[in-house]
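J.: what follows is a predicted structure for the sequence shown.
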Amino acid sequence: MRFVLYVLAALLLGMTIGHFYAPDFGNLYELMLYALIFIIGIDLGMNFRASELRKLGKSALFLPAGTLVGSMLGGLVAALFLGINLRWGLAISAGCGWYSLTGPLIAQYSPVYGALGFLSNLTRELLTVLLYPSLSRRIPAEVAVTIGGATTMDTTLAIMTKFGGREVAVIAFVHGFVLTAVIPFLLPLILGL
């Protein structure tokens, strides 16, 4: 729980600094993300066994497929409930937490739904950071990976490694990788409907 408080405190501090003083960091956030992935890669590499990847087998494909189908069904239900076009509900939910792609891509068709796509996918990532630690104790940690969507390959991988263990880290990385490979092709298809 203390970890979640640290994450929230860091987020609030960053928002406060950004509000009162808007420094030009350029692509520093991207470099920090690469550094995070590099460090996690070193940790995985030190403890990686090829047999672990073989053990994943078909679950390496079923888990991201289930995540994508579940997200899109949720998007359809939300669109029906909110009375918006099903295409927007599908597109927003198909982002699976990848807000930096989903928001700008949808914004090319509609600025309003682009902003909604950005915010809803950012919220998914934040909820993953907040909920994964407790959820991974209540259901199998590898199943709990699905809440992170595409973010499990990068930004939420550290949380999943810390609370799910190294075995879950491999599953999370593959899960995020598969979704990250599929989403850039799926989103334009949905938006073209």
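T.: Perfect, I can see it now.
J.: so where's this structure uncertain?
T.: Low-confidence segments of the chain, defined by pLDDT under 70, are located at 1-4, 7-8, 11, 22-34, 36-37, 39-59.
J.: show me where it has helices.
T.: Per DSSP state H, the chain carries helices over the ranges 2-20, 28-47, 50-56, 59-82, 86-94, 99-107, 111-138, 141-144, 157-164, 166-191.
J.: got a list of contacts for the shortest one?
T.: This points to helix 141-144. Ser59, Leu63, Tyr132, Leu135, Ser136, Met160, Phe163, Gly164, Gly165, Glu167, Val168, Ile171 (C-beta atoms under 8 Å, 6 or more residues apart in numbering). All C-beta spots, glycine's among them, are computed from the backbone N, C-alpha and C.
J.: ok, the second one to Cys96 distance?
T.: Going from Leu63 to Cys96 by C-beta to C-beta, to the nearest Å gives 12 Å.
J.: also the third one?
T.: Going from Tyr132 to Cys96 by C-beta to C-beta gives 15 Å.
J.: looking at the two, which one has more neighbours?
T.: Cys96 (31 against 25; other C-beta atoms under 10 Å).
J.: chain neighbours aside, what residue packs nearest to the more buried one?
T.: Gly149 (3.2 Å; C-beta to C-beta, 6 or more residues apart in numbering).
J.: ok, Leu193 next?
T.: Using C-beta to C-beta, 6+ apart, the nearest residue to Leu193 is Arg87, at 5.0 Å.
J.: what's the burial count for the one you found?
T.: 18.
J.: just give me the neighbour total for the closest residue to Gly74 other than its chain neighbours.
T.: Of all residues not flanking Gly74 in the chain, Ser93 sits nearest, at 5.6 Å (C-beta to C-beta, 6+ apart). Residues within reach of Ser93, counting by other C-beta under 10 Å, total 26.
J.: only the buried residues of stretch 84-95, if you could.
T.: Across stretch 84-95, burial judged by 16 or more other C-beta atoms under 10 Å covers Arg87, Trp88, Gly89, Leu90, Ala91, Ile92, Ser93, Ala94, Gly95.
J.: Ile106 touches Ala94, doesn't it?
T.: No. Assessed by C-beta atoms under 8 Å, Ile106 is found out of contact with Ala94, at 9.9 Å.
J.: fine, thanks again, bye for now.
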